[in-house]
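>>> make a model of this:
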Amino acid sequence: MLGPAEISETTVWLQTRRPCQAQVRYWLHGKPETARLSPPVRTDPAGDHIARFELSGLEPGSRYEYEIYLDGLRIPAPASAPLSFQTQAMWRYRTDPPPFRAAIGSCAYINDAPYDRPGEPYGGDYKIFRAIAKAQPDFMIWLGDDIYYREADWITERNMRRRWAHDRALPELQPLLGTVHQYAIWDDHDFGPNDSDRTFRDRTTSLRVFQDYWANPTYGLPEAPGVFTRFEWAGVDFFLLDDRYHRSPNDLPPGPDKRMYGREQLQWLKESLAGSHAPFKIVAGGGQFWNPLNSFESLGEFPAEQQELYDFIREARIEGVVFLSGDRHHTELLKRQEPGMYPLYEFTSSPLTSGGSRIEEEANNPARVPGTWVTDGIRNFGLLEVSGKEEAQVLTLRTLDADGKELWKVQIKEGELRFPRISPQTSSASTSR
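Numbers count the residues shown, from 1 in each chain. Model (predicted):
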């Protein structure tokens, strides 16, 4: 699996089935004479047979091919999915920002009959992972419920690790993991039990396992552990949030101390947004932010913190903020539009392979952009594409089904996500289905 890509370095993650010595051999695309071999890393049971390679000294803005060696033997990649990674371009002061494409998705349930509920399997359409890889995104953001712990899993670290190893080895996943850079956050099912929060007894263990199975740039803060982090791609800033580690129980009565993200993380987000000069500032969380009808686990159930975030964006005049979320087992694009404020868009993308849902009470959601509700069990993923000249970029949001067929598309111009200079204006985002 590929981890973050920077200008001159990247991370390659792998897991073996037994102890061995692993290495990565890599070279500039089409130039095998440039090949280099990484130092060996020994995989062993104590480290869950995981190896992580930090490859540095790479050429900016370049595509590399690579292959894996185990105990000195070359492991051939499938001819249909040759292994490759890339580095980000060094474009500032030279060109306009390079265009890029990112995939998003949540709720990836992989069946495991001995541990699943009786009846019809809950997971399916694993072909979606090949469809994502075929769309050729530069990177992917997993928006939570990246796996589903079963009852036997969340009570011991050994079983947590078994669940991750089981799902990560899915054959349909390999082309996506081996050629697309990966970033991830969690929601309840890959953190602990359903609807779990900071009272989960093994939250520190769960965090340690998550850190082993993903290769995010950072994890939380010294004073605030968690999976939250940030990264940049071609001038766009991404802020990935942790909605579980510091979360108050859902059933606590509303008040200033009932929080989803916690004071330290929210302060980190506010300061990070204030310090960002990106045209688009993408904030990703496991649960929905702005759905006025969602009475489940959205930020709306934490009204003090929700209002604090909204007030900060408005009062600090933070422009270009767009939200991503998962969890809901349906997909939609929401738009919160209030006087004196540019529209806040939220792209909820779900499910990848789990079962779908349809909440009839939300069928006529006034905040939903018409034509963007994907429900009735249709498994799907999202694409974000940023293109255009500097200061005139366009963010294109798309949803595709498990076969890669486009279901809807919305384009948002950079200028639409700015505070009104004269009077509030309605966004002119266009929708096609």
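>>> and the spatially most central residue of the chain, what element?
Residue closest to the mean C-alpha point of the chain, counted by C-alpha atoms, centre = their mean, is Ile141 at 2.3 Å. Under the criterion of DSSP states H and E, Ile141 resides in strand 139-143.
>>> how far does that strand sit from the chain's center?
3 Å (C-alpha atoms, centre = their mean, to the nearest Å).
>>> follow-up on the earlier one: any idea how far the residue nearest to the centre of the chain lies from Ala51?
Distance, Ile141 to Ala51, using C-beta to C-beta, to the nearest Å: 24 Å. For the C-beta atoms, the positions are set from N, CA and C on the backbone; glycine is no exception.
>>> ramachandran angles for Glu151?
Main-chain dihedrals, Glu151, degrees, to the nearest 10: phi -60, psi -40.
>>> ok, it - contacts?
Glu151 is in contact with 115, 193, counting by C-beta atoms under 8 Å, 6 or more residues apart in numbering.
>>> please report the distance of it from Arg328.
23 Å.
>>> what are the bridge partners for the residue nearest to the centre of the chain, then?
Here Ile141 shows beta-bridge partners Ile104, Tyr183, assigned using DSSP bridges.
>>> hmm, it is touching Phe347, no?
No. If you go by C-beta atoms under 8 Å, Ile141 and Phe347 don't touch, sitting 10.8 Å apart.
>>> how is the protein carved up into domains?
In the domain annotation for the chain, the residue ranges read 2-86, 100-432 (automatic domain parsing).
>>> and these as a markdown table, adding distance to Arg92 and mean pLDDT?
Output for the domains of the chain, formatted as a markdown table (distance: least, C-beta to C-beta, whole Å; pLDDT from 0 to 100):
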| stretch | distance to Arg92 | mean pLDDT |
| --- | --- | --- |
| domain 2-86 | 10 | 96 |
| domain 100-432 | 8 | 95 |
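>>> overlap in contacts, Ile141 and Phe347.
Joint contacts of Ile141 and Phe347 (C-beta under 8 Å, 6+ apart) are 104, 324.
>>> pretty sure Arg42 sits against Pro19.
Yes. Arg42 lies in contact with Pro19 (C-beta under 8 Å); the separation is 7.2 Å.
>>> helix or strand: which one has Phe53?
strand 50-55.
>>> tilt between the helix or strand hosting Phe323 and strand 139-143?
Assigned by DSSP H and E, Phe323 falls within strand 321-325. Orientation check (axes from the mean of the first three to the mean of the last three C-alpha atoms, to 10 degrees): strand 321-325 against strand 139-143 gives 60 degrees.
>>> helices and strands around strand 321-325, which ones?
strand 139-143, strand 281-285, strand 344-348 (3 or more C-beta pairs under 8 Å, 6 or more residues apart in numbering; DSSP states H and E).
>>> A helix includes Gly300, no?
Yes. The assignment for Gly300 (DSSP: H, G, I helix; E, B strand; the rest coil) places it in a helix.
>>> need the helices and strands packed on strand 321-325 in TSV (columns: distance to Ile75).
Formatted as TSV, these follow (distance: least, C-beta to C-beta, whole Å):
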stretch	distance to Ile75
strand 139-143	23
strand 281-285	33
strand 344-348	37
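>>> among these, which comes closest to Gly415?
strand 344-348 (14.1 Å; C-beta to C-beta).
>>> name the next helix or strand downstream of that closest one, please.
Trace forward from strand 344-348 with DSSP H and E and the next one is strand 380-387.
>>> which residues does that following strand contact?
So strand 380-387 is contacted by 97, 99-105, 128, 131-132, 135, 137, 234, 236, 280, 282, 324, 331, 347, 349-352, 374, 393-402, 407 (C-beta under 8 Å, 6+ apart).
>>> on that earlier part again, for the strand holding Phe53, which strands pair with it and how are they oriented?
Strands that pair with strand 50-55, judged by DSSP bridges, come out as strand 10-15 (antiparallel).
>>> pull the distance from the strand it pairs with to the chain's centre.
Centroid displacement of strand 10-15 relative to its chain, using C-alpha atoms, centre = their mean, is 17 Å.
>>> ok, Glu232 - contacts?
For Glu232, the contact set (C-beta under 8 Å, 6+ apart) comprises 238, 278.
>>> following element in sequence after the one helix or strand it maps to, please.
Element membership for Glu232, per DSSP H and E: strand 229-233. Using DSSP H and E, the next helix or strand after strand 229-233 towards the C-terminus is strand 236-240.
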